[in-house]
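>>> Need a 3D model of the sequence below.
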Amino acid sequence: MATAPSADFLAALHEYQPLVRRVCRLYCQDADDRQDLFQEIVLQLWRAWPRYVPQPDAKLSTWLYRIALNVAISNLRQRTRRPASVDVEGEAWHLAQPVESSAYEPEETAALYTAINRLSDVDKAFVLLYLEDRPYDEMADILGITQNNVRVKMHRVQEKLRKQLVRA
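Numbering: from 1, shown residues only. Sure thing, here's the model as predicted:
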């Protein structure tokens, strides 16, 4: 029998829901797939929450990003697997419901998302973290690589996007 999520988990989920939704938006184009991915990420966060130990020099968002990105990338690699449904009990359940999105996207935003969707799974993670204004040291922590490697890879990803956007 599943236990109810703690108040701390619910507060963190509520605070960082936009972060998780942005990961879903970047890795899934279809609204239903985004919702499935969101639920899978919430489930994995809930399962991992009891093992989360706050560190004085680490942010909760870093931990959340790491899990969300790992789940998103794994989800892409295993498209045939259907995510488990999430029942996060009462108050938190509304957080897992679909968010209404505007049917209108400016042309530039649509072109950018199209270019980003052509990138590899890992390159998408760099873009997401960059667009979130995450510093390179935090990107390195989230992705498990050195800051210098982040700089090099980020430069390469930016070049790929520039070339794709020039062609569009």
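
>>> How many residues are close by Ile73?
17 (other C-beta atoms under 10 Å). Glycine gets a C-beta too; all of them are placed from N, C-alpha and C.

>>> Now it. Nearest residue, chain neighbours left out?
Of all residues not flanking Ile73 in the chain, Asp121 sits nearest, at 4.5 Å (C-beta to C-beta, 6 or more residues apart in numbering).

>>> so what are the domain limits for this structure?
1-101, 103-168 (automatic domain parsing).

>>> Quick one: low-confidence residue ranges for the chain.
The model of the chain has pLDDT under 70 over residues 1-5, 78-105, 168.

>>> Report the central residue of this protein.
Val23 (2.5 Å; C-alpha atoms, centre = their mean).

>>> quick one, what contacts that one?
By C-beta atoms under 8 Å, 6 or more residues apart in numbering, the contact set of Val23 is 37, 41, 65, 68-69, 72, 128.

>>> Go through these and name the one nearest Glu107.
Comparing those against Glu107 with C-beta to C-beta picks out Leu128 as the nearest, at 21.2 Å.

>>> Confirm for me that that closest one is in contact with Leu26.
Yes - contact criterion C-beta atoms under 8 Å: Leu128 and Leu26 qualify, at 5.2 Å.

>>> Figure out the helix or strand that Lys124 lives in.
Using DSSP states H and E, Lys124 sits in helix 121-131.

>>> quick one: Asp32 from Val53, how far?
Using C-beta to C-beta, to the nearest Å, Asp32 is found at 35 Å from Val53.

>>> Flag every buried residue along stretch 58-78.
Within stretch 58-78, the residues scored as buried using 16 or more other C-beta atoms under 10 Å are 61, 63-69, 71-73, 75.

>>> Mind listing residues that contact it?
Here stretch 58-78 makes contact (C-beta under 8 Å, 6+ apart) with 12, 16, 19-20, 23-24, 26-28, 37, 40-41, 44-45, 48, 52, 54, 81, 83, 121-122, 125, 128-129, 134, 138, 141-143.

>>> And for stretch 140-148?
Here stretch 140-148 has contacts from 58, 62, 65-66, 69, 122, 125-126, 129, 134, 136-137, 139, 149-150, 153, using C-beta under 8 Å, 6+ apart.

>>> Can you tell me which of these is nearest Leu165?
Phe126 (16.1 Å).

>>> how about the closest one, what does it touch?
Shown in contact with Phe126 (C-beta under 8 Å, 6+ apart): 139, 143, 150, 153-154, 157.

>>> Relative to Trp63, how far out is it?
Counting by C-beta to C-beta, the gap from Phe126 to Trp63 is 18 Å.
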